[in-house]
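# Next one to model:
(chains A and B)
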Amino acid sequence: MTKREMLLKKLSTYQFAVLDLQLFLDSHPNDSATLEKMNLYKLKAEKIKQEYEEEFEPLQKTVTQGNNWSWITGPWPWESEENN
Amino acid sequence: MFVYEKKLQYPINIKNPNPKLAKIIASQYGGPDGELGASLRYLSQRYTMPMPELKATLTDIGTEELGHLEMVGAIIYQLTKNQTPEDIKKAGLDGYFVDHTMGIYPASAEGVPFTAAYIQSKGDPITDLHENLAAEQKARTTYDNILRYCDDYDVKDVIRFLREREVVHYQRFGENLRLLTDNLNEKNFYAFNPSFDKACFKKTKANKQQQ
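Numbers count the residues shown, from 1 in each chain, chains lettered A, B, ... in the order given. Here you go, the predicted structure:
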């Protein structure tokens, strides 16, 4: 696994926790303990996302780096970096 | 609106191409119980859902299914990389190849193109939620069937993740159905369509605000 993939996996892990808890909150909107947990993981995910985008390419178009359009750089989600 | 994030929900790194396996997994892209049908079903049904919890669940699960569609596409793409026309023929994919080369096309494992006839949007939340509960179980069985033919860890690991999500979605839809019926006049749930006949809701303050 490359460093890029490792960081991406770490991000996906936290993002998944956020997504799954948010889905639970859709049908349990008054569960404040779950809301708190979701916010905790969201903060962690945001931190790693920022770290990733500083070191590698942007994950969303809202992030621009330098003076060229970096959205088109880096591998696309369906491309495996190791098995090209 | 939808905002794209340039990553998969769960990582996919397949070392060994296997076009034969790709052929059966393709059914979860555009087959009868696949991810394309799932996302269209929920994202279409959500408009007429009568409660905020239901609208939120359908929006969020429908969106997640689009992410799963992308994942299944990535599996097929990686399983069919660097193949010769001979490899493709040996895997029984020559019929697919002649129409699509190695492009990703939504069809069932037997090559039936995707059709909206796979899904329903009935405009009745009780009916739609039952359809969704069934859809999640049908997709779960399909992933179970795929796992019977799958001996590559790289693929198995991802299929297991997708299978597990079907189980979680089933759970959430079950809660939605319970939330809905708890909110209805319990004399006869089926005498009314809760999206069309407003009189079927219990007379509470919260319900008055919603309608």
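# can we go C-alpha only for contacts and neighbour counts from here?
Fine.
# who in chain B is up against chain A?
B:3-15, B:53-54, B:56-57, B:60-61, B:70-71, B:73-75, B:77-78, B:172, B:175-176, B:179 (C-alpha under 8 Å from any C-alpha of the partner chain).
# Among those, which lie within helices?
Counting by DSSP state H, the part of those found in helices is B:53-54, B:56-57, B:60-61, B:70-71, B:73-75, B:77-78, B:172, B:175-176, B:179.
# Could you find the residue nearest the spatial middle of the chain?
Just going to use chain A. Central residue of chain A (C-alpha atoms, centre = their mean): A:Leu11, 4.4 Å from the mean position.
# switch to chain B, that's the one I care about
Geometric centre of chain B, nearest residue: B:Ala38, 2.9 Å, by C-alpha atoms, centre = their mean.
# sorry, back to before: put the buried members of the residues of chain B next to chain A into a ChimeraX selection.
Selection of buried members from the residues of chain B next to chain A for ChimeraX, criterion 16 or more other C-alpha atoms under 10 Å in any protein chain shown:
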select /B:6,7,8,9,10,11,12,13,14,15,53,54,56,57,60,61,70,71,73,74,75,77,78,172,175,176,179
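# Wait, the residue nearest to the centre of chain B touches B:Thr63, no?
No. B:Ala38 is beyond contact range of B:Thr63, at 9.7 Å (criterion: C-alpha atoms under 8 Å).
# OK, contacts around B:His68?
By C-alpha atoms under 8 Å, 6 or more residues apart in numbering or on different chains, the contact set of B:His68 is B:9, B:35, B:162.
# The second one and B:Glu64 touch, don't they?
No. When contacts are counted by C-alpha under 8 Å, B:Glu35 is not listed as touching B:Glu64 (9.5 Å).
# ok, these two, which is more surrounded?
It is B:Glu35, of B:Glu35 and B:Glu64, that has more neighbours when counted by other C-alpha atoms under 10 Å in any protein chain shown, with 27 against 19.
# For the residue found closest to that one once you drop the neighbours it is linked to in the chain, report the pLDDT, please.
Residue nearest to B:Glu35 in three dimensions, not counting chain neighbours: B:Leu69, with 5.1 Å by C-alpha to C-alpha, 6 or more residues apart in numbering or on different chains. Reading off the confidence values, B:Leu69 has pLDDT 98.
# follow-up on the earlier one: host element of the residue nearest to the centre of chain B?
Here B:Ala38, judged by DSSP states H and E, is contained in helix B:35-45.
# Could you check how many residues crowd around B:Ala191?
As a burial measure, B:Ala191 scores 10 neighbours (other C-alpha under 10 Å).
# B:Ala134 is in what secondary structure piece?
helix B:125-148.
# quick one: that helix to chain centroid distance?
With C-alpha atoms, centre = their mean, to the nearest Å as the basis, helix B:125-148 stands 8 Å off its chain's centre.
# Counting by contacts, list what that helix packs against.
Contact analysis of helix B:125-148 by 3 or more C-alpha pairs under 8 Å, 6 or more residues apart in numbering or on different chains; DSSP states H and E lists helix B:35-45, helix B:153-182 as its packing neighbours.
# Flag every buried residue along it.
Neighbour counts over helix B:125-148 (16+ other C-alpha under 10 Å) mark B:125-126, B:128-129, B:131-133, B:135-140, B:142-143, B:146-147 as buried.
# what inclination does that helix have with respect to helix B:35-45?
Going by axes from the mean of the first three to the mean of the last three C-alpha atoms, to 10 degrees, helix B:125-148 is angled at 170 degrees with respect to helix B:35-45.
# so B:Leu177 touches B:Asp124, yeah?
No. If you go by C-alpha under 8 Å, B:Leu177 and B:Asp124 don't touch, sitting 11.7 Å apart.
# where are the low-confidence patches of chain B?
Low-confidence segments of chain B (pLDDT under 70): B:205-206, B:208-211.
# for chain A, same thing?
For chain A, the stretches with pLDDT under 70 are A:83-84.
# Can you identify each of the strands in chain A by residue range?
Ranges of strands in chain A, per DSSP state E: none exist.
# What parts of it come near chain B?
Within chain A, the positions lying close to chain B (C-alpha under 8 Å from any C-alpha) are A:8-9, A:12, A:16, A:23-24, A:26-27, A:29, A:58-60, A:76-83.
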